Every structure is written in C-alpha cells, then in structure tokens.
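1. pasting the sequence and the predicted model now:
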Amino acid sequence: MRSEATKPTGCQQSSGPDSAEGMDSIRCRDTADQARPFRLRVELQRIVMHVFVSLVVPGLGACGARDALDTMAPVVRDSAGIRVVEHPATLLGPPVSLDLVWEHGQDERDYGFQYVSGGAVQPDGSAIVTDAGNQEVVAIAVDGASYRLLAGAGQGPGEVMGPREVVVSGQDGVWVEDPANGKLLRFEDGELTTTVNTIAAGIRAYSIMPVAESGDGDLLMVPGGYRTDFEEPWLNGHLIRFSPSEGRIDTVGSYPMVPHVPETGVNPFGSSGVITGAGHDFVHARTDVAELIWRDADGDTKQIVRWVPLMTYPTEGMWEELETLLRANLARVNPSMSAARLDEFVEEQIARYSINESEPLPLFGAIVGGSQGDVWLPESASWDAGPKNYTVVSADGISSAVATFDRSVSILSVNEQFILGTSKNELDVQAVVLYRYDVGQ
C-alpha cells in the first residue's frame, strides 16, 4: 500500500550525507500533481538560467557578470590521477539543434518492426537495426526510404535468433549480438565478414552483451542479466573485455548494477545502475546519484563528473497511471479473464508496490554513449512513453546541453552528426528515426 509520508512542497537547497560527495541538491515538488512531472526538471533548468542572466547579470556590470558566470563554471581537479569535474549547479546548457532526417517503419512500404532491440548509425546516416520480435537484422538506406535484410531468423550460418545489441566497429562495420545462437556477427559495408562462437569462448547465452569496441578491436561487455537472490544493498556487475580474434575474456572491473528489491513494498520508481559505451570507454552511473564515471577498456577510472541534482517527486497521478497501465497490460495478456477476476488480479499485483512520495524520482534513465565519448542522459520516462528530453554531457565533462525531441524517442546510437532512435505513433506502431543534430558548442 502507499506510504502517507509528508509531501515536500516548493524548492529548497540542501546538503548532507545523502548527496554525492557532499554536493548540494535542489529539491522540487510538482504541485500540479500531474501524471508526467518529469519535464519539470528541464524546464526548471531553463528558468534558473533565465532568471540568473536576466536579473542578476545586468546589475553586476561587465566584470561582475563575468565573475558571476565564472562561479557557475565547473571546477576541474586531479585526484590520484583521476580527472574530477564538479559542476556547482544543476547541468545547464544551450538547446541542441535537432532536424528529422528520416523515419522508417510507418509507411506500408517500410519494414514492419515488432520490437527493435538494438541499432547503430553509420557515418553516412544509414543504419543497422536488430528486431528481436521478427528475429532479423535490417539495414536501412541513407535516405530511410528502403531497406534490406542482412540476417533472417534461424540457427544456420548468417542467421539469428532474438538478436540484441549492435555495436559500431571501425569506420563502416558493426558487431551484432545473437545471444540465443551463442555468436557475434560482424558486418562490413552490409556484408557478413566474421562470425564468432561465443559459447566456445565460454560465454553463456544472454549472460553478457557488448556496449562498445575498444581502440584495438576488443569488445567492451557488461552483464546481460543478473540473479535476484542477493541480500546485499547493491549487486555489482562486471566490466568485461573480450577479444573476438583470440576468444579471450578478461574481467577488468565492476560497477553497481542493481539494488536489492524486497518481496513487497517495491518502489516502482526505484533507482538502478546504468552503463553504456562512450567512444572506447565504459561509462556508468546510479540513477539516484548525480555522477558519471568514465572507465577505460582496462577498467581504470579516468574521469568522474558530478553536478548538483534537481530533485522531483512522485505524484498521486503517477500512482493512478501505474494502476491504469497495469490493468491494460494484464487484460491484453489475459484476454479471456473475467472483469471480476481482472479486478482481483490488478489488486494482487498493485499490492506489491508502494510509492513513498518523500523519496525523489530517479534523476535520469538509461544513459547512452556517443561515438566521441559524450553521454546522453534521458529524463525519467513516463510509464506509457519514452523520453523527449535529454541532457548531453561532453566527453571532457565540461559542457552540457539539452536536447528536446518533437516526440518521445529512445536513443539507440549517436555519432558525430546523427542520432538514431525509436519512436511509436498513436497506434503503438514502432518506427526507427534519424535526426541530424548540432550541440552548438
């Protein structure tokens, strides 16, 4: 059942042992009690900067304004050989320019996606996408108007069963993960060039998955799943380096992957560990901590970026949205269930959850790394939609910007020019979209 903890109202600056490395945090409550308060975070960032620039800066004069803006600049220091970048405020920045290049999947002549599980954008704006529902690998042309199959469903050579991740390899190549068949397939210019038997290398099906390629051709890999029977506060996942040519697997580090979840009183908005590949590095974070950690291919920490988090909190509307979505999903997978039994089933399932409205929502969702080492942090998405707003942090951790899409977009891949993602229309039909972007920094 829901906790009736006191609801925080307004905004206040606070610091303490619960904030990252003693940094302050800004706590805000969406008093409108709307179902999707997550966009408040981005709007508040813009408001804070607008108020500072329009009210504070003009009264300081040129030198005073420059000094005031300098106080908002990040502090960079060295800590035992690790670069640490600390932002004295929440992440701010200019808007990212976004232009839709193409959309594939909505037209009757397009490929009909069931469930896009991975994808990578190529330098020319073409894309390689895996569809775990259709069990196929699809190449989409530069103009987004045509496609061709690179691999169909099956267990034979060049065939896949439930393909998952796609990782850029070199200039024009990609690695496609096929965990069900226990193999990795490398495509170059749309042609299959290499097949690696991962089972022979000691990799169990679905146990680990690639997130990036190192500078010398090894694959950076992370767990593809986890055990649930652990009692520790957090279960650590492994950072793994795999040589496709030699079949060698090395564990090079660990990171906080998932928190312990109780049998009852589950927080549906709980925090988690997230990890991605950015450039040739691992980058990981906890969604309840305003911090990103870059680790190189050998697992060594090379950079930590911290900022002041802007807290938002659950609302009554979100609880109602959870119950509505749960009911719809249960009805869809149990079409013959009576209305009375469905009501009971929903009550049984909802009883597992408990929303504490004094606990903040996750600061961001699953992070996505760009080819240049930049990291894209999505807003915490609503139950029935993906994120529209992303905060992008540069590879050096100094600058940030905010990208606001014209629709909900789940990013798959980012290179120097393009963003590849997925979106759904009002009929829940999935499409792959490509945007050209400019951070303007």
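-> Cool, the structure landed.

2. sec struct for the residue nearest the centre of the chain, please.
-> In the chain, the centroid-proximal residue (CA atoms, centre = their mean) is A366; its distance is 2.3 Å. Here A366 is recorded as coil under DSSP: H, G, I helix; E, B strand; the rest coil.

3. so what touches stretch 198-206?
-> P179, A180, G182, K183, L184, G224, G225, F242, G247, R248, I249 (CB atoms under 8 Å, 6 or more residues apart in numbering). C-beta coordinates here come from the backbone N, C-alpha and C atoms, glycine included.

4. and that stretch, how far from the chain's centre?
-> Its chain's C-alpha centre and that of stretch 198-206 lie 26 Å apart, by CA atoms, centre = their mean, to the nearest Å.

5. now it: buried residues?
-> Neighbour counts over stretch 198-206 (16 or more other CB atoms under 10 Å) mark T198, A201, I203 as buried.

6. now swap in stretch 298-305 and tell me
-> Neighbour-count burial for stretch 298-305, counted by 16+ other CB under 10 Å, picks out G299, T301, Q303, I304, V305.

7. same deal with stretch 166-183?
-> By 16+ other CB under 10 Å, the buried positions in stretch 166-183 come out as 166-169, 173-183.

8. what of stretch 307-323?
-> Buried, per 16+ other CB under 10 Å, within stretch 307-323: 307-315, 318-319, 321-322.

9. endpoints of it, how far apart?
-> Using CA to CA, to the nearest Å, one end of stretch 307-323 lies 34 Å from the other.

10. how about stretch 118-128?
-> End-to-end for stretch 118-128, by CA to CA: 8 Å.

11. tell me how far that stretch is from the chain's mean position?
-> On CA atoms, centre = their mean, the centre of stretch 118-128 falls 18 Å from the chain's centre.

12. which residues of the stretch 201-350 of the chain fall in helices?
-> Remark: helices assigned in the stretch 201-350 of the chain by DSSP state H, counting those that start in this stretch are 316-333, 339-350.

13. mean pLDDT lowest where, among these?
-> Among these, helix 316-333 carries the lowest mean pLDDT, a mean of 82.

14. now that helix and helix 339-350, what's the angle there?
-> Angle between the axes of helix 316-333 and helix 339-350 is 130 degrees (criterion: axes from the mean of the first three to the mean of the last three CA atoms, to 10 degrees).

15. and helix 316-333, what other elements does it pack with?
-> Under the contact criterion of 3 or more CB pairs under 8 Å, 6 or more residues apart in numbering; DSSP states H and E, helix 316-333 touches helix 339-350.

16. can you list contacts of the helix it packs on?
-> Around helix 339-350, the neighbours that count as contacts under CB under 8 Å, 6+ apart are L322, E323, L326, R327, L330, A331, N334, M337.

17. again with stretch 290-298
-> Contacts of stretch 290-298 (CB under 8 Å, 6+ apart): 20-21, 23, 25, 214-216, 218, 220, 239, 241, 252-253, 255, 278, 280-285, 301-309, 363, 367, 373, 375, 393, 397.

18. whichever of those end up buried, select them in ChimeraX.
-> This is how ChimeraX selects the buried members of the contacts of stretch 290-298, with burial counted by 16+ other CB under 10 Å:
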select :20,23,25,214,218,220,239,241,252,253,255,278,280,281,282,283,284,285,301,303,304,305,306,307,308,309,363,367,373,375,393,397
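
19. burial measure for S423, as a count.
-> Neighbour count for S423, taken as other CB atoms under 10 Å: 21.

20. so it bridges to which residues?
-> Beta-bridge pairing for S423 (DSSP bridges): A431.

21. any low-confidence regions in the stretch 151-300 of the chain?
-> The stretch 151-300 of the chain contains no residues with pLDDT under 70.

22. and the strands in it?
-> 166-169, 173-178, 183-188, 191-197, 208-213, 219-223, 234-243, 248-259, 273-278, 281-286, 291-295 (DSSP state E, counting those that start in this stretch).

23. quick one: distance of the shortest one to the chain centre.
-> Read it as strand 166-169. 17 Å.

24. ok, that strand: who's next to it in the sheet?
-> strand 173-178 (antiparallel).

25. quick one: residues in contact with the partner strand.
-> Residues outside strand 173-178 that contact it (CB under 8 Å, 6+ apart): 118, 120, 122, 128, 130, 137, 150-151, 160-169, 184-189, 193, 209-210, 213, 219, 244.

26. I'd like to know which of these are buried.
-> 118, 120, 122, 128, 130, 137, 150-151, 160-169, 184-187, 209-210, 213, 219, 244.

27. A151 touches L185, doesn't it?
-> Yes - contact criterion CB atoms under 8 Å: A151 and L185 qualify, at 6.7 Å.

28. overlap of the contact sets of the two?
-> Common neighbours of A151 and L185 (criterion: CB under 8 Å, 6+ apart): V137, G158, V160, V176, L192.
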